[in-house]
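1. Sequence and predicted structure, then a few things I'm wondering about:
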Amino acid sequence: MAQSNTLPKRSEVEKQYTWAIEDLFATDELWEEEYNQIKELLPKAESYKGKLAESAKNLLEFLKLSEELGILMDRVYVYANQKYHEDTANSVYQDLADKAGLLLVQYESALSFATPEILTISEETLQKYMQEEEGLRLYDFYLKNILRRKPHILSAEMEALLADAGDMASGPDNIYSKFNNADLKFPEIKDEDGNLVRITHGRYIRLMESNDRRVRQDAFKAVYETYGNFKNTLAATFSSNIKQELFFTKARKYGSNLEKALDETNVPVSVYTNLIEAVHDNLDLMHRYISLRKKILGLDELHMYDIYAPLIKEIHMDIPFEEAKKIVAEGLKPLGEDYQKVLQEGFNNRWIDVYENENKRSGAYSWGAYGTHPYVLLNYNGSLDNVFTLAHEMGHAIHSYYSDKTQPFIYAGYKIFVAEVASTCNEALLINHMLKTTDDKMMKAYLINHFLDTFRGTLYRQTMFAEFEMITHKMVQEGQSLTAETLCKIYHELNEKYYGKDIVIDPEIDMEWARIPHFYEAFYVYQYATGFSAAIAISRRILQEGKPAVDDYIRFLSSGGSNYPIELLKIAGVDMSTKDPVNQALKLFGELLDQLEELMLN
């Protein structure tokens, strides 16, 4: 599909480059049927209120019904939102997504009595119930996890109230999403050839990778000045999101938003702080990389808009999507024949929505509903980075495939903490393959730099985001206000810390906090950095040990959410309760940095 300066409308995109959303629901009418089915089943679920502790039979019947409702809700919610993401200005699917969101709140409210009631059942009685009803044994881990969180579960009435508050609490996220994806328009700038091109979310990084420094600077200033025009509104939205998190933190008797967010997956707060400390201990490597970038580019001053500039100007990579699929498949051969079969199934059966179109959701993700294949959203533009994005998102998709195939619905969903391992392991294997299959000095330098940039963007940058979140959430908890000026000051100082003295921290970058949608899911981004570290360890093991490591890895992928994330990663040979995986990843960063210096400066 040829790229042009004018984005196609959704109706103009070739079918082969769109995802097969019809595999989920062939028509909106079928979606409506399941939507209504959920509404009809909710009263039946609520009829068990006050009865769960009465008998093993009641408990098992309710858990089976809640699973049936969960599967339906999953399908209805995913379809509505993925259709909305195809064209965020389409009012039909705006309405469906809103309806699905409201139904999700009703669903959560209707089932909110369950956890408090289960907590009234003693562990001794639960064990007795499991002896009486063999079907309850499936729910052993699920029930134990509820009991673990007993200090933070409220009465049935209070749980229902919190569930009802869910739609209101999602307001800041919804407002930001509509602003950022549908309403926000960036200006036009002149490209390398002097042609006017409108900046979009999907085009921005490609413009920042331009060999023409003027193009990079113009794009950089245009994007952040545009956000800056709305800085007070965006600061109020950002602050409101933290305040709604704090409301639930206090209601559930946690010490902080961070503690609440991590407790959902039983991840100790020390994992979060260990990550930041380990990265702080290795900031000298990041500063070395920035200094090397400045030397290679031959600049008197390195600016923030030079971060993505290609270091190897002789090499231009514009990779068609069909070629990208072949490259990814070759890179993932160490994962074995079965993994390859699943990968090709995804490539050949329209799991992927490939190109950007007008009003399409920005970025990339993998998502799907239990009982059907996963879906991948891309905004593919032919860059090497986008080839790695394809490998990354297919890692998520195949993780979902194995998990759904192996686990019942209640355990099929896995947490982000482990999800980013599957995606980033693919990237690590791909870069290893590409480095091994070229003898060209400049190509090796290009690829090493690309991997270093991945380290910078995933481990260092996401940790900086994590530190920004930790600071801002703590300030709100302490009663301090978050104005646009305050947020910009914090963000500026963090850039100075992480990037060092060999780069000019341009004032425009102070607004970058307003460009990060993941901040609206509290303490989400740190998992990119921990996941990256774990993935480096796993990929090294796969390359060194072969089949035994692959078998362990596939067992990990097939485990879904059947245990806590820290325990699941141990299946694949990684212990994230220590700093070791982060330090090992950063050791590799240093080794790659040595190689790049050798190639470029000698």
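-> Perfect, I can see it now.
2. give the contact list for the closest residue to L283 other than its chain neighbours.
-> Once flanking residues are discounted, L283 sits nearest to Y498: 6.6 Å by CB to CB, 6 or more residues apart in numbering. C-beta here means a position set from N, CA and C on the backbone, and glycine is covered the same way. By CB atoms under 8 Å, 6 or more residues apart in numbering, Y498 lies in contact with L283, M286, Y460, R461, M464.
3. What's the separation between R214 and L136?
-> Relative to L136, R214 is positioned 67 Å away (criterion: CB to CB, to the nearest Å).
4. Could you pull up phi and psi at the spatially closest residue to L384 that is not a sequence neighbour?
-> Of all residues not flanking L384 in the chain, M317 sits nearest, at 4.9 Å (CB to CB, 6+ apart). For M317, the backbone dihedrals (degrees, to the nearest 10) come out as phi -110, psi 120.
5. ok, how many other residues are close to the residue nearest to Y365 when sequence neighbours are not counted?
-> Spatially, and ignoring its direct neighbours in sequence, Y365 is nearest to L377 (5.2 Å; CB to CB, 6+ apart). Other residues near L377 number 20, with proximity taken as other CB atoms under 10 Å.
6. Could you do P268 as well?
-> Neighbour number of P268 under other CB under 10 Å is 14.
7. tell me the contacts of it?
-> L262, S577.
8. So which residues of the stretch 201-350 of the chain form strands?
-> With DSSP state E, counting those that start in this stretch as the definition, the stretch 201-350 of the chain shows no strands.
9. do the chain as well
-> According to DSSP state E, the chain carries its strands in the segments 188-190, 196-198, 352-353, 365-367, 375-377.
10. out of these, deepest packed?
-> Mean neighbour count (mean count of other CB atoms under 10 Å) peaks for strand 352-353 among the strands of the chain, with a mean of 26.
11. what is the rounded mean pLDDT of that strand?
-> Here strand 352-353 scores 98 as its mean pLDDT.
12. Contacts made by that strand with the rest, please.
-> By CB under 8 Å, 6+ apart, the residues outside strand 352-353 that reach it are Y17, T18, W19, E86, G346, Y375, V376, L377, L378, L390, E393.
13. Now the third one. Nearest residue, chain neighbours left out?
-> Right, the one you point to is W19. D353 (4.1 Å).
14. Quick check: bridge partners of that neighbour?
-> On the basis of DSSP bridges, D353 is bridged to L377.
15. remind me, longest helix of the protein?
-> Counting by DSSP state H, the longest helix found in the chain is helix 56-86.
16. which of the residues in that one are buried?
-> By neighbour count with 16 or more other CB atoms under 10 Å, helix 56-86 contains the buried residues 56, 58-63, 65-86.
17. now for it, which elements pack on it?
-> helix 28-46, helix 91-111, helix 114-119, helix 123-132, strand 375-377, helix 409-412 (3 or more CB pairs under 8 Å, 6 or more residues apart in numbering; DSSP states H and E).
18. can you pull the contacts of M158?
-> M158 touches A251, counting by CB under 8 Å, 6+ apart.
19. try 10 Å this time
-> Contacts for M158 (CB atoms under 10 Å, 6 or more residues apart in numbering) come out as S112, P116, A251, R252.
20. Which of those scores worst on pLDDT?
-> Lowest pLDDT among the contacts of M158: P116, with 87.
21. Next, the contact list for the nearest residue to that residue once chain neighbours are set aside, please.
-> In this structure, P116 finds its nearest non-sequential neighbour in A156, 4.6 Å apart by CB to CB, 6+ apart. Each residue near A156 by CB under 10 Å, 6+ apart is listed here: K49, G50, S112, F113, A114, T115, P116, E117, L119, T120.
22. Got phi/psi on the last one?
-> This points to T120. Main-chain torsions, T120, degrees, to the nearest 10: phi -80, psi -10.
23. which regions of the stretch 201-350 of the chain lie under the pLDDT threshold?
-> 314-315 (pLDDT under 70).
24. ok, the contacts of M158 vs D580, which is closest?
-> Distance to D580 across these (CB to CB) is lowest for R252, with 32.1 Å.
25. burial count for that closest one?
-> 18.
26. about what we covered before: who wins on neighbours among the contacts of M158?
-> Tallying neighbours with other CB under 10 Å puts S112 at the head of those, with 22 neighbours.
27. picking up where we left off before, do you know how far the residue nearest to L283 is from K294?
-> Applying CB to CB to Y498 and K294 gives a distance of 16 Å.
28. Same check on K44?
-> Going from K44 to K294 by CB to CB gives 65 Å.
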